[in-house]
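# My questions are about this predicted structure, shown below with the sequence.
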Amino acid sequence: MDRIHITGGAPLNGTIPISGAKNAALPLMIASLLTGETLELINVPRLADIAALTRILGNHGVDHMVVGKRPGQTTETGQTVRLTASNVIDTTAPYELVSTMRASFWVIAPLLARFGEAKVSLPGGCAIGTRPVDLLIMALEKLGAEIEIDAGYVVAKTKNGLRGAPIDFPKVTVGGTHVALMAAALAYGTTVIDNAAREPEVVDLAECLIKMGARIEGAGTSRIVVEGVARLGGARHEVLPDRIETGTYAMAVAMTGGDVSLVNTRTDLLASALETLSATGAEVSDIPGGIRVRRNGGGISPVDVTTDPFPGFPTDLQAQFMALMTLAKGQSRIRETIFENRFMHVQELARLGAKIRLDGDLAVVEGVERLKGAPVMATDLRASVSLVIGALAAEGETQINRVYHLDRGFEALEAKLARCGAQIERVRA
Ligand SMILES: CC(=O)N[C@H]1[C@@H](OP(=O)(O)OP(=O)(O)OC[C@H]2O[C@@H](n3ccc(=O)[nH]c3=O)[C@H](O)[C@@H]2O)O[C@H](CO)[C@@H](O)[C@@H]1O
Ligand SMILES: C=C(OP(=O)(O)O)C(=O)O
């Protein structure tokens, strides 16, 4: 298994191009199943999760073609892909494929809406909590699907097609909202989704569906109204920038010090995280096409955060922010409200010398003077990158094991950081 070696202590200076968002690209690729025409997606990141979904779509019979980079793009990141589901041969998504990644479960919605049947294995994904799919199933049942769970598979059928209906989510769910949107787009009649997720990735999916011919209003608010249409067509859509990757590098700079321009991204995608970062003493400013983050000297101020659905502080940046707080001048309190088991980075950050106490959903971080490199283990995607951030600021060498977690969600991580002066290398097994 590959390892990453980091020798910490150098500030980060330079420019980091931000990739397309993994969490937008995945539902967008899945939306290709809604039509027999070609969906062209620009700025799709090259990631293990994207490759895994490509395999899953391929198994259904979706034709996948990589046609190039984004216009004007000079880096090795991002690609333009064409997906054509004109010859779907199989509506089953098997355990071997779906168990590697949670988002793959969402294929259930377009398969059911377009073909009237789907059999999809219960999903896997980051081990950050129990992560049930009851609300996704509830949404499909509201639209008239008949669903049973049999031998680890969710088997969904509809006799005369899906029918629009009110869907009121008791809890904000990103995946549930994606599924409801895709299914309702091809349902007969009107669907009103209440307590919908407002995440930018939901808006991106809705915008792409609208280009494909869907009638959707209100995406980005907590009430989305979908007027079903009989068929959807092809479209061309650029994946929005990855706000979690943006926030991750912003936190790295705030921790190591330096001056980095994050380009191909937008402040409005992560306003709450950037506000929090400013409160720690980092200078955050808008630049054309991106965000500049600076910290030259001065201590890191402790700031308390609570994770929340968008527009709140994202759970996917909680681990990275905790890494930053380990060097703050005082105590900070970080509350995780979305996932019940998303503190696996705590014991690994402790190996670097961090002082963190856990009390249920609360982590109390006592800032220390310095961190010291050590061997650590990546446990899930965002936890692993918090170790990268910690290691960049620590004295001496850190070895990060199990880096396949990082490869799920961070495109060209070592290259992007090395170009800004980080001493980071991958040791291939
Ligand atoms: C691929 C992708 O986009 N993943 C993101 C997506 O995950 P994902 O879509 O899985 O997360 P959800 O928003 O659905 O989960 C939010 C909460 O609702 C719960 N829940 C969800 C569905 C359900 O049927 N029943 C239920 O109880 C979950 O356990 C969790 O406590 O949103 C999360 C919350 O922003 C992010 O951390 C993930 O990175
Ligand atoms: C938790 C994440 O992904 P997934 O939902 O695929 O596990 C993530 O992107 O941080």
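In hand now; what should we look at? Ligands and ions are numbered 1, 2, ... in the order given.
# Quickly list the domain ranges of the protein.
3-18+241-427, 22-238 (automatic domain parsing).
# Those domains: which one's closest to ligand 2?
Proximity to ligand 2 (C-beta to the nearest ligand atom) singles out domain 22-238 among the domains of the chain, at 3.3 Å. (Glycine included, C-beta is placed from N, CA and C.)
# so where do the strands sit in the stretch 251-400 of the chain?
Assigned by DSSP state E, counting those that start in this stretch, the stretch 251-400 of the chain shows strands spanning 258-263, 283-287, 290-295, 305-306, 331-335, 355-359, 362-366, 375-377, 397-401.
# Take those and write them to JSON lines, including distance to ligand 2 and mean pLDDT.
Putting those into JSON lines (distance: least, C-beta to the nearest ligand atom, whole Å; pLDDT from 0 to 100) gives the following:
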{"stretch": "strand 258-263", "distance to ligand 2": "18", "mean pLDDT": "98"}
{"stretch": "strand 283-287", "distance to ligand 2": "22", "mean pLDDT": "97"}
{"stretch": "strand 290-295", "distance to ligand 2": "20", "mean pLDDT": "98"}
{"stretch": "strand 305-306", "distance to ligand 2": "16", "mean pLDDT": "98"}
{"stretch": "strand 331-335", "distance to ligand 2": "16", "mean pLDDT": "98"}
{"stretch": "strand 355-359", "distance to ligand 2": "19", "mean pLDDT": "97"}
{"stretch": "strand 362-366", "distance to ligand 2": "17", "mean pLDDT": "98"}
{"stretch": "strand 375-377", "distance to ligand 2": "17", "mean pLDDT": "94"}
{"stretch": "strand 397-401", "distance to ligand 2": "17", "mean pLDDT": "96"}
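# can I get those in a markdown table with mean neighbour count?
Formatted as a markdown table, the strands of the stretch 251-400 of the chain follow (neighbours: other C-beta atoms under 10 Å):
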| stretch | mean neighbour count |
| --- | --- |
| strand 258-263 | 22 |
| strand 283-287 | 14 |
| strand 290-295 | 22 |
| strand 305-306 | 18 |
| strand 331-335 | 18 |
| strand 355-359 | 13 |
| strand 362-366 | 19 |
| strand 375-377 | 19 |
| strand 397-401 | 19 |
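# Same list (these) but as CSV, adding distance to ligand 1.
Formatted as CSV, these follow (distance: least, C-beta to the nearest ligand atom, whole Å):
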stretch, distance to ligand 1
strand 258-263, 19
strand 283-287, 22
strand 290-295, 21
strand 305-306, 14
strand 331-335, 14
strand 355-359, 18
strand 362-366, 16
strand 375-377, 20
strand 397-401, 20
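# How about the contacts made by Phe343?
Phe343 is in contact with Glu336, Leu358, Ala363, counting by C-beta atoms under 8 Å, 6 or more residues apart in numbering.
# Quick check: bridge partners of the second one?
Read it as Leu358. Beta-bridge pairing of Leu358 under DSSP bridges involves Ala363.
# Hmm, Val346 and it touching each other?
Yes: if you go by C-beta atoms under 8 Å, Leu358 and Val346 touch, sitting 6.0 Å apart.
# re the thing from before, please convert the strands of the stretch 251-400 of the chain to JSON lines, extending it with distance to Asp316.
As requested, these are exported to JSON lines (distance: least, C-beta to C-beta, whole Å):
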{"stretch": "strand 258-263", "distance to Asp316": "16"}
{"stretch": "strand 283-287", "distance to Asp316": "18"}
{"stretch": "strand 290-295", "distance to Asp316": "17"}
{"stretch": "strand 305-306", "distance to Asp316": "13"}
{"stretch": "strand 331-335", "distance to Asp316": "14"}
{"stretch": "strand 355-359", "distance to Asp316": "19"}
{"stretch": "strand 362-366", "distance to Asp316": "16"}
{"stretch": "strand 375-377", "distance to Asp316": "20"}
{"stretch": "strand 397-401", "distance to Asp316": "19"}
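# in the stretch 101-250 of the chain, what spans have low per-residue confidence?
125-129 (pLDDT under 70).
# Please disregard the earlier target; I meant the stretch 301-429 of the chain.
Using pLDDT under 70, nothing in the stretch 301-429 of the chain is flagged.
# What residues does it have near ligand 1?
Proximity of the stretch 301-429 of the chain to ligand 1, by C-beta under 6 Å from any ligand atom, involves residues Thr315, Asp316, Ile338, Phe339.
# give the contact list for the closest residue to Glu366 other than its chain neighbours.
Once flanking residues are discounted, Glu366 sits nearest to Lys355: 4.2 Å by C-beta to C-beta, 6 or more residues apart in numbering. Contact analysis of Lys355 by C-beta under 8 Å, 6+ apart lists Thr326, Val365, Glu366, Gly367, Val368.
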